[in-house]
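K.L.:
Predicted structure and sequence below. I'll ask about it afterward.
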Amino acid sequence: MIQCPRGTRDFLPDELEKRRFYENKLRHTARTFGFREVETPIFEDAELFILRSGPNVLKELYAFEDKGGRQIALRPEMTAPVVRMFVNNMSNEPKPIKVFYFGQCFRYERPQSGRYREFFQFGAEIIGSATPETDAEAIALAYAMIGQIGVKNYRIRIGHIGVLRQRIADAGVPSDRTAEVLQKLDKKLYDEARPLMQDMGVDDEDIDDIFSLTETVGGVEVLDRVPGEAGDWLRQVVAYLDVMGIKDLEIDLGVVRGLDYYTGMVFEAEAPALGAEKQICGGGSYTLSELFGGERVFSTGFAIGFDRILLALEKEGSSYDPEGIDAYVLSVTDDMRVKAAEIAAMLRADGVSADVDIMGRKMAKALKFASSARARYAVIVGAKEMDQGAVTLRDMSTGEQELVSVDSLADRIRG
RNA sequence: GCCGGGAUAGGGUAGCUUGGUUAUCCUAGGGGACUGUGGAUCCCUUGACUCGGGUUCAAAUCUCGGUCCCGGCCCCA
């Protein structure tokens, strides 16, 4: 028996219907913010992902050589492809460019709860704008998406990578070692960060100051203590969010978000219900386009872990009831089977979702099937009714029946 | 990459400690009892020991390895 590969899943009809329902909620929310959907290839030139990443990333990349000798990789995320698309095809479009995407990504990781090798990301990018309003717009969309999909318990934390980066540079950390230091600070590994920075010739006073900066955590009021341009910037972002009705924010200047390409505001959201893999959203402002041969363009974007928000919903007790079909058409006797097929076709042509018995079942079994298919109505086609050009319409939830003429059947079912 | 727990019909399970007839029960699927009415009952039927090696007269059970799942660490673009 062949199973699906490690870390991948089959989605059965009930599950997929639920996923489509929530995907469409996310799409709808993004559209209400003026974002338009785009799609990029599932595989790309491997270099696209290698360009912006260290060896860790390479380890988890699904990469292979195709029959033409090209180095190909399944996309591990979608920001780089979207930025590539921008550089290739959209760089002369009116700014800002607001796009969103939804699709599967692949990482060769050890699967655990909320982590798969094939997983689904929903994300949005605002390209070509660098203002506090841009950042606020991205955060507001993420906030609206998480909220409208129905996750109740989550936290959004906002930071600014410029604060720490500037402070670290001022203290004398060489630029090629910044990432190393940030990594330790992100994990709050002060015992390891201190000797590291001492080696680089940073004095203890600066080190303590840097540490206290990463401890700047709390409500928006802690922003009062953040100096410089970054402080001003974040205060403006927060002010815009405030008028958009988003007030329960956390500020955390220790949010560093792994990668080098973030340049300013960074944010993430987590759902405590999820356990170890609780981060459901991450993003920030960045410049990537110059890496792919374009001009340097500022962008802000984020990605939502679709599988994880669904998991969070489930853990919070939300459920989704699959929809059934409108009508199940069955014949009383075999000589009515052709008529039943004809009526089903007519309903379908009129936009009513209709299924019809194709297994030659007797009436009782066909009704049983209709109820397991969650049909709203059973359309019973029998000789007695057909004499009057009618069928019996049975409401499957109440059991009430009425005689309905074939001509008015579709309208009657649509209500 | 590391640590721990698991895997028995489509789903949920008993059996495993202490090897021994035809592997338990519920549910689900197909057919029938009820000849024009479902979600009730009854009958028939389909269907499983994760895979491979070892120990043994005999392995679902003991043992080793692989695979996969779950929880955690690392990582998380």
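P.N.:
Okay, I see it.

K.L.:
What sits closest to A:Tyr320 if chain neighbours are left out?
P.N.:
Excluding its sequence neighbours, the residue lying closest to A:Tyr320 (Cβ to Cβ, 6 or more residues apart in numbering) is A:Lys18, at 4.3 Å. From N, CA and C alone the C-beta is placed, and that goes for glycine too.

K.L.:
buried set for the helix or strand encompassing that neighbour?
P.N.:
For A:Lys18, the host element (DSSP states H and E) is helix A:13-32. For helix A:13-32, burial by neighbour count (16 or more other Cβ atoms under 10 Å) applies to A:18-19, A:22-23, A:26-27, A:29-30.

K.L.:
starting at the chain centroid, how far to the next helix or strand after that helix?
P.N.:
Using DSSP H and E, the helix or strand that follows helix A:13-32 in sequence is strand A:36-37. From the chain centre to the centre of strand A:36-37 is a distance of 13 Å (Cα atoms, centre = their mean, to the nearest Å).

K.L.:
what ranges do the helices span in the stretch 301-415 of chain A?
P.N.:
A:306-315, A:337-349, A:363-372, A:383-386, A:409-414 (DSSP state H, counting those that start in this stretch).

K.L.:
if we can go back for a sec, I'd like the average pLDDT over the helix holding A:Lys18.
P.N.:
Mean per-residue pLDDT for helix A:13-32: 95.

K.L.:
next one: stretch A:286-297
P.N.:
89.

K.L.:
Return the set of buried residues in that stretch.
P.N.:
Buried, per 16+ other Cβ under 10 Å, within stretch A:286-297: A:286-289, A:291-292, A:294, A:297.

K.L.:
thinking again about what came up before, so which of the helices of the stretch 301-415 of chain A comes closest to A:Ile139?
P.N.:
helix A:306-315 (16.3 Å; Cβ to Cβ).

K.L.:
Need the distance between the two termini of stretch A:358-378.
P.N.:
One end of stretch A:358-378 sits 15 Å from the other (Cα to Cα, to the nearest Å).

K.L.:
What are the buried residues along it?
P.N.:
Using 16+ other Cβ under 10 Å as the test for burial, stretch A:358-378 gives A:366-367, A:369-370, A:375-378.

K.L.:
Among those, list the two that are farthest apart in space.
P.N.:
Across the buried residues of stretch A:358-378, the longest distance by Cβ to Cβ is 15.5 Å; it joins A:Ala366 and A:Arg376.

K.L.:
Tell me the residue of the stretch 101-250 of chain A that sits nearest RNA strand B?
P.N.:
A:Ser113 (2.4 Å; Cβ to the nearest atom of the strand).

K.L.:
so that residue touches A:Lys278, yeah?
P.N.:
No: the pair formed by A:Ser113 and A:Lys278 falls short of the contact definition of Cβ atoms under 8 Å, at 9.8 Å.

K.L.:
Kindly report the residues of the stretch 51-200 of chain A close to RNA strand B.
P.N.:
Taking Cβ under 7 Å from any atom of the strand, the part of the stretch 51-200 of chain A that reaches RNA strand B is made up of A:53, A:56-57, A:60-61, A:76-77, A:79-80, A:107, A:109-115, A:183, A:187.

K.L.:
Mind doing that once more with 10 Å?
P.N.:
A:52-54, A:56-63, A:73-80, A:105-117, A:121, A:123, A:179, A:183-184, A:186-187, A:189 (Cβ under 10 Å from any atom of the strand).

K.L.:
Just the buried subset of these, please.
P.N.:
A:52-53, A:57, A:61-63, A:73-80, A:105-107, A:114-117, A:121, A:123, A:184, A:186.

K.L.:
Let's see which of those residues end up in strands.
P.N.:
Among these, the residues falling in strands (DSSP state E) are A:63, A:73-74, A:105-106, A:121, A:123.

K.L.:
Does anything pack onto the helix holding A:Lys18? Which helices or strands?
P.N.:
Using 3 or more Cβ pairs under 8 Å, 6 or more residues apart in numbering; DSSP states H and E, the elements in contact with helix A:13-32 are strand A:36-37, strand A:97-106, strand A:118-127, helix A:132-149, helix A:306-315.

K.L.:
quick one, which of these is packed in tightest?
P.N.:
When the helices and strands packed on helix A:13-32 are scored by mean count of other Cβ atoms under 10 Å, the highest mean neighbour count falls to strand A:118-127 (a mean of 24).

K.L.:
quick one: the strands in the stretch 151-300 of chain A?
P.N.:
For the stretch 151-300 of chain A, the strands defined by DSSP state E, counting those that start in this stretch cover A:155-160, A:217-218, A:250-252, A:262-270, A:279-287, A:298-305.

K.L.:
weakest of those in terms of mean pLDDT?
P.N.:
Sorting the strands of the stretch 151-300 of chain A by mean pLDDT places strand A:217-218 lowest, at a mean of 86.

K.L.:
and that one, which strands flank it?
P.N.:
Paired strands of strand A:217-218, with direction, are strand A:250-252 (antiparallel) (DSSP bridges).

K.L.:
buried stuff in the strand it pairs with?
P.N.:
Those would be A:250-252, for strand A:250-252 by 16+ other Cβ under 10 Å.

K.L.:
ok, now stretch A:154-173?
P.N.:
Going by 16+ other Cβ under 10 Å, stretch A:154-173 has these buried residues: A:154, A:156-165, A:167-168, A:171, A:173.

K.L.:
how close does A:Gly415 sit to RNA strand B?
P.N.:
18 Å (Cβ to the nearest atom of the strand, to the nearest Å).

K.L.:
Check A:Val266 too.
P.N.:
Counting by Cβ to the nearest atom of the strand, the gap from A:Val266 to RNA strand B is 10 Å.

K.L.:
Keeping just the C-alphas, turn stretch A:12-29 into CSV.
P.N.:
Taking Å, rounded to 0.1, in the frame of the first residue of the first chain, the C-alpha atoms of stretch A:12-29 are listed here in CSV:
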residue,chain,number,x,y,z
LEU,A,12,-11.1,14.5,1.6
PRO,A,13,-14.2,16.3,0.4
ASP,A,14,-15.5,17.5,3.8
GLU,A,15,-12.1,18.7,4.8
LEU,A,16,-11.4,20.4,1.4
GLU,A,17,-14.8,22.1,1.5
LYS,A,18,-13.9,23.6,4.8
ARG,A,19,-10.6,24.7,3.6
ARG,A,20,-12.1,26.4,0.5
PHE,A,21,-14.6,28.1,2.7
TYR,A,22,-11.8,29.7,4.9
GLU,A,23,-9.6,30.4,1.9
ASN,A,24,-12.3,32.4,0.3
LYS,A,25,-12.9,34.3,3.5
LEU,A,26,-9.2,35.3,3.4
ARG,A,27,-9.4,36.2,-0.2
HIS,A,28,-12.5,38.3,0.4
THR,A,29,-10.9,40.2,3.2
